[in-house]
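**Q** Mind looking at a prediction? Sequence and model below.
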Amino acid sequence: MKSGYTYPIGTPGQPWGAAERKAWLAERDVKRSYQEEVVSKIDALRDRFDVEQYGALSYDEDRFPLFCIKTRNWDSAKPVVLVTGGVHGYETSGVHGALKFVDTEAERYAEHFNIVVAPCVSPWGYEVINRWNPNAIDPNRSFYANSPAEESANLIQLVATLGDVLMHIDLHETTDSDETEFRPALAARDGIEYIEGLIPDGFYTVGDTENPQPEFQKAVIESVAKVTHIAPADDQGEIIGSPVVQFGVINYPMVKLGLCGGVTNCQYGTTTEVYPDSPKVTDEECNDAQVAAIVGGLDYVLSQLKPAV
């Protein structure tokens, strides 16, 4: 379905230049504090975990340091698990779900895994509640060599220090603002027509087309279903325009699209999508859904690692 909506910046049909990007940036304002809401929680974990700074954003290096949290007693004999949140800074439960997982669950898995959590990859986006960075670039389409997004480039550098990663779970949300703001902005930026989409009511995951791991996805969905509702397919059998391959699961080509989900060569990977605007859920339930997704994934991987009795 086409939309008659015209984005207020730029000329329809023409991609943005520097002036349009500057105009877009001028309209962004700070709505919350990364230091107060996120860094304070990271600092509170320092007595139980190793916290490392893996970079800082050049927009304001003091304001936007980038942190990862690691389980202690790192052992090269144990497999590595990576959890990322806040690649899209506005997707709040990705950030706070990652932090809640560290606080409430990570230690009990540390016996089996070296766990690394980067809870807020895009802190500028967290503060202004936006999908893009200040240059109107989507970090989650920028995970490739010589990335134009420093949020992505910094995480790529961190991943390069980790060795082989067995499991990677990237925490996201699908929000109503995807249709009211971010997809119209994307169409305007790229000079293309905006076609309305449907926002699914519920949780779903995105697997990798090149390595779908359906049983792993199923385990994640079943774990989350204990906490919140799973998104049904639409009338076309799709979620956000992609075929549903099993209940609550679609697949994307992660590396081809420059997605964070393709930043490692992991055997087990998924991208979570929580729907925080549903009348059926609270903010804390959204955080709990992210935690349940990680736990479901870890339990499945653990079951695959254990020798048959």
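**A** Happy to help now that I have it.
**Q** Okay, strands next: where are they in the stretch 51-200 of the chain?
**A** 65-70, 80-85, 114-118, 165-173 (DSSP state E, counting those that start in this stretch).
**Q** contacting residues around the third one?
**A** Think strand 114-118. 54, 66-71, 74-75, 78-85, 98-99, 101-102, 106, 109, 155, 158, 162 (C-beta atoms under 8 Å, 6 or more residues apart in numbering). Placement of C-beta: from N, CA and C, glycine included.
**Q** now do the first one
**A** Under the criterion C-beta under 8 Å, 6+ apart, residues 39, 42, 45, 49-57, 102, 106, 114-121, 123, 151, 154-155, 158 lie in contact with strand 65-70.
**Q** thinking again about what came up before, tabulate the strands of the stretch 51-200 of the chain (CSV), appending mean neighbour count.
**A** Formatted as CSV, the strands of the stretch 51-200 of the chain follow (neighbours: other C-beta atoms under 10 Å):
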stretch, mean neighbour count
strand 65-70, 21
strand 80-85, 26
strand 114-118, 25
strand 165-173, 26
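**Q** Could you export those to TSV, including columns for distance to Gly237 and mean pLDDT?
**A** Output for the strands of the stretch 51-200 of the chain, formatted as TSV (distance: least, C-beta to C-beta, whole Å; pLDDT from 0 to 100):
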stretch	distance to Gly237	mean pLDDT
strand 65-70	38	98
strand 80-85	29	98
strand 114-118	34	98
strand 165-173	22	98
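**Q** so where's the stretch 1-150 of the chain uncertain?
**A** 1-5 (pLDDT under 70).
**Q** Please repeat the previous calculation with a cut-off of 80.
**A** Applying pLDDT under 80 to the stretch 1-150 of the chain flags the ranges 1-6.
**Q** Which of the strands of the stretch 51-200 of the chain sits closest to Asp277?
**A** Of all those, strand 165-173 sits nearest to Asp277, with 8.8 Å by C-beta to C-beta.
**Q** Give me the helices and strands touching that closest one, please.
**A** Here strand 165-173 is seen to pack against strand 80-85, helix 92-101, strand 268-274, helix 283-305 when contacts are counted using 3 or more C-beta pairs under 8 Å, 6 or more residues apart in numbering; DSSP states H and E.
**Q** Which other helices and strands does the last one contact?
**A** Here helix 283-305 touches strand 80-85, helix 92-101, strand 165-173, helix 214-225, strand 268-274, going by 3+ C-beta pairs under 8 Å, 6+ apart.
**Q** Run me through the strand neighbours of the first one, direction for each.
**A** Based on DSSP bridges, the pairing partners of strand 80-85 within the sheet are strand 114-118 (parallel), strand 165-173 (parallel).
**Q** now those strands in TSV, with distance to Ala185?
**A** Shown next, in TSV, are the strands paired with strand 80-85 (distance: least, C-beta to C-beta, whole Å):
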stretch	distance to Ala185
strand 114-118	25
strand 165-173	17
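**Q** quick one: which of these is nearest Asp138?
**A** Closest to Asp138 of the strands paired with strand 80-85 is strand 165-173 (C-beta to C-beta; 12.1 Å).
**Q** quick one: that closest one to helix 214-225, angle?
**A** 40 degrees (axes from the mean of the first three to the mean of the last three C-alpha atoms, to 10 degrees).
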